[in-house]
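# here's a sequence, model it:
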Amino acid sequence: MLKFREASYMNVHNLRRIYDNCPPHFEKVKFNLYVHEKEISDWLHENTEGRFWIGPIVEELNGRNDINYQVGFEMPSEASYFALMLEQFNPSQQW
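Have a look, this model is predicted:
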């Protein structure tokens, strides 16, 4: 984790973020994006260790398309941690 100034092989070679499609075995967390995607990506790089995927998803709801964001994690424990901390860096209401 970059938070503790530890460089890992995947960080050095830019292998942590998967840019193609989210692998089916990843644990997924869906949310509404209220900040820039880069803030989420930076938080993931600083606070997690495993591989992840982040991107928009389109869902059809009552005949209309709805766009949300989704993050997929290779390590299920990191998905839980992200879901618990999400409101801290992606607040739904700006005061």
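# how about the host helix or strand of Tyr81: buried residues?
Here Tyr81, judged by DSSP states H and E, is contained in helix 76-89. Buried residues in helix 76-89, counted by 16 or more other C-beta atoms under 10 Å: 78-79, 82, 86. For every residue, glycine as well, the C-beta is placed using N, CA and C.
# and for stretch 15-22?
16, 18, 22.
# that one: how far from the chain's middle?
11 Å (C-alpha atoms, centre = their mean, to the nearest Å).
# contacts for it?
With contacts defined as C-beta atoms under 8 Å, 6 or more residues apart in numbering, stretch 15-22 is touched by 9-10, 28, 41, 44-45, 50-55, 70, 72.
# got the end-to-end distance for that stretch?
14 Å (C-alpha to C-alpha, to the nearest Å).
# what mean pLDDT does it have?
What stretch 15-22 shows for mean pLDDT is 90.
# just want the most central residue of the chain.
Val71 (3.6 Å; C-alpha atoms, centre = their mean).
# list the buried residues of the helix or strand hosting that residue.
Secondary structure assignment for Val71, by DSSP H and E: strand 64-73. Under the neighbour-count criterion of 16+ other C-beta under 10 Å, strand 64-73 has 69-73 buried.
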